[in-house]
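Chemist: Test case, fold it:
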Amino acid sequence: MSYKGVIFDFNGTLFWDTDLHNRAWDKFFDKYQIKMTDAEKFQKMHGKNNRDILNSLFNEHLSDKEIEDLALEKELMYQELCLKTDMKLAPGVEEFLSFLKEKDIPYTIATASGIENVDFYFKHLALSDWFDRKKVVYNNGKIKSKPDPEIYQTAMSVIKRKAEDTIVFEDAIAGLEAARNAKSGKIIVVDSYNDDYSGWEQYQRIHHYKEVDRQLFL
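Modeler: Have a look, this model is predicted:
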């Protein structure tokens with residue numbers, strides 16, 4: 001099978017920032033007296049949009065303004081932590097993206113991040129060198145949260161590829177479920193944080209993008 005398109009999740013997939021998000025959430029949790037382990041974050045939060053996360057955390061239906069304010073509060077904590085690190089894309093990503101460009105294989109990002117983080121990434125990770133900003137699918141407040149397939153279905157439409165011809169790279173359980181629900185032709189698990197992928201053993205797991213078989217596209 002030769003695949004003709006690629007969709008990447010972003011956080012924990014192209015940018016290995018899981019620890020930074022966890023630390024930002026911990027700081028946020030301390031303020032609001034919430035307790036959650038990193039393992040619980042992985043199972044319950046990672047890959048989902050802030051609306052679903054915050055409504056679940058506070059066990060109520062928050063207003064749009066409340067969600068916007070709380071989400072921005074947490075993301076500013078996260079961005080502050082990011083700027084204290086040597087921000088860079090995941091190991092082997094740039095070489096893999098160069099390969100996709102050379103072979104004229106369309107690709108884009110489908111992320112649960114909001115616009116405040118998308119803009120932040122384009123500024124500090126030079127994403128415009130690799131990605132068309134207009135083709136990035138992100139949490140715009142309208143797209144349903146993973147594990148709903150909508151975000152991946154939208155991305156497939158953006159790159160003009162059928163689901164069965166598309167490979168999805170993901171690290172979060174909710175995202176893997178979304179990719180499967182979207183009937184992606186192939187799903188590759190990006191294990192960037194040594195998480196528990198019990199039940200997903202049938203899918204290839206990578207720790208570096210050099211492990212992606214280029215023959216999948218030939």
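Chemist: and residue 7, that one's in a helix?
Modeler: No. Checked against DSSP: H, G, I helix; E, B strand; the rest coil, residue 7 lies outside a helix; its state is strand.
Chemist: low-scoring stretches of this structure, by residue?
Modeler: Scanning the chain for pLDDT under 70 picks out no residues.
Chemist: Strands of that one, residue ranges please.
Modeler: Ranges of strands in the chain, per DSSP state E, are 5-8, 107-109, 166-170, 186-190, 205-206.
Chemist: what ranges do the helices span in the chain?
Modeler: For the chain, helices defined by DSSP state H occupy the ranges 18-32, 38-44, 50-57, 64-82, 93-102, 115-124, 150-158, 173-181.
Chemist: Quick one, which of those helices gets closest to residue 5.
Modeler: helix 150-158 (7.1 Å; Cβ to Cβ). Bear in mind the C-beta positions are built from the backbone N, C-alpha and C, glycine included.
Chemist: That closest one to helix 173-181, inter-axis angle?
Modeler: 50 degrees (axes from the mean of the first three to the mean of the last three Cα atoms, to 10 degrees).
Chemist: Go ahead and produce PDB holding the CA coordinates of helix 150-158.
Modeler: What follows is helix 150-158, C-alpha atoms only, in PDB (Å, rounded to 0.1, in the frame of the first residue of the first chain):
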ATOM      1  CA  GLU A 150     -14.000  15.600  12.800                       C
ATOM      2  CA  ILE A 151     -10.600  17.200  13.200                       C
ATOM      3  CA  TYR A 152      -8.900  14.500  11.100                       C
ATOM      4  CA  GLN A 153     -11.700  14.300   8.600                       C
ATOM      5  CA  THR A 154     -11.300  18.100   8.100                       C
ATOM      6  CA  ALA A 155      -7.500  17.800   7.700                       C
ATOM      7  CA  MET A 156      -8.000  15.000   5.100                       C
ATOM      8  CA  SER A 157     -10.200  17.400   3.200                       C
ATOM      9  CA  VAL A 158      -7.600  20.200   3.500                       C
END
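Chemist: Kindly state the domain boundaries assigned to the chain.
Modeler: 5-16+90-217, 18-83 (the TED database).
Chemist: and these, which is most packed in?
Modeler: For those, average neighbour numbers computed from mean count of other Cβ atoms under 10 Å are highest in domain 5-16+90-217, which has a mean of 18.
Chemist: Pipe the strands of the chain into CSV and attach distance to residue 79 per row.
Modeler: Output for these, formatted as CSV (distance: least, Cβ to Cβ, whole Å):
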stretch, distance to residue 79
strand 5-8, 20
strand 107-109, 18
strand 166-170, 23
strand 186-190, 22
strand 205-206, 27
